[in-house]
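# Got a sequence here, can you build the structure:
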Amino acid sequence: MEAYDADELVSYRSLSSLAILALVLGLFSPLSLIAPPLFVIPLAGMAVALLAIRNILAQPGILTGMTLAKIALFLCTFCLVVAPVKSAVSASIYKKQADQAAQRWFETIVEGDLSEALGQLSPSAIGGLSRPDPASGNPADRQPSQPAIEDVVEALGKDHFVEDLRAQAESGPLDFTAVSMSVDTNRSQPAVSIDYSIDNKGGSSSVMIQCLRVNTPPSGKSWKIDAWKQAADHTHSH
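Residues are numbered from 1 along each chain as shown. Reported below is the predicted structural model:
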C-alpha cells in the first residue's frame, strides 16, 4: 500500500510551465542567427530556463520538466554564443566584398570606361545622376522623360569626384587605402561605408564610399556603389 501511494504521488507531479515556455523560446532562438534584433529571444529563454531549473530543484516532489529546461538552456546558450560570432564573420565578409567593389569602381573610372563604371552603381545612385541639376537651365525646358543612357554616362563623367579622380591619376598610379569601414545590417539591404585615402606622387585626397548589397538577377546579390562624398564637400547620394 505504501509503495502504491508513493507511485501515485509521483504520477501527480506537474510539468513545469516555465520549462515548457523555456523550451518554446529555445526552439525559436535560432531566429536570432537570421535577424540580430531577435537576439532577445535566446536571452529571455536562458533566463526562463534557469528560473525553471531553480523551481524544479526547490520542489522536486511537485514539479518535473528538468530535461526540457536543460535542453532549452542549451539551445539558448548556443545561440547566444553563435549569433555574435556569425555577425562578426558576416561583417568581415561584407567589408572585404564592398572594398573589392569600390576598388574595381575606382579602377574603372581611372581607365576611362564610364559606361562600365555606371553599371557598377546602384539603381538609386544612377537615379541621382539622372536627375537634372536644379541650378542648370529653366525647369520648364527640362525633359520629364527617362534620360538616355549616354546622358547618364555624361553626367557621371562630369561628377566632381570622377573628374578629380581622373585628373589625379594623370600624375601617376593611384593607391587606394581603406582608412575605416562600418557595416550597417539593420536594413533590408546590408550597407558598408568606407573612408578611402587616395594617394600618388601628385598628392592625396579622400572620399567616403557607401556600398549596397543589392539583388541583381540573374547573377544574384552583388555590391554596388550607392553614394560617395569627397572631403572637399563634393557630394553625390540618392
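
# avg pLDDT for the longest helix along the chain?
Ranked by residue count and defined by DSSP state H, the top helix of the chain is helix 66-111. What helix 66-111 shows for mean pLDDT is 93.

# Mind giving me the packing neighbours of that helix?
The contact analysis (3 or more CB pairs under 8 Å, 6 or more residues apart in numbering; DSSP states H and E) places helix 66-111 against helix 17-28, helix 40-58, helix 114-119, helix 160-169, strand 175-184, strand 191-200, strand 203-216, strand 220-230. All C-beta atoms are positioned from the backbone trio N, CA, C, and that covers glycine.

# okay, those, which one's buried deepest?
Compared across those, helix 17-28 shows the largest average neighbour count, a mean of 20 (mean count of other CB atoms under 10 Å).

# For the chain, give me the ranges with low pLDDT.
Applying pLDDT under 70 to the chain picks out residues 1-12, 131-147, 217-219, 232-238.

# Recalculate using a threshold of 50.
Along the chain, the model assigns pLDDT under 50 to residues 1-4, 6-10, 134-145, 233-238.

# Quickly list the domain ranges of it.
By the record's domain assignment, the chain is partitioned as 2-90, 112-236 (automatic domain parsing).

# For these, give me a markdown table that also has distance to Ala98.
Formatted as a markdown table, these follow (distance: least, CB to CB, whole Å):
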| stretch | distance to Ala98 |
| --- | --- |
| domain 2-90 | 12 |
| domain 112-236 | 4 |
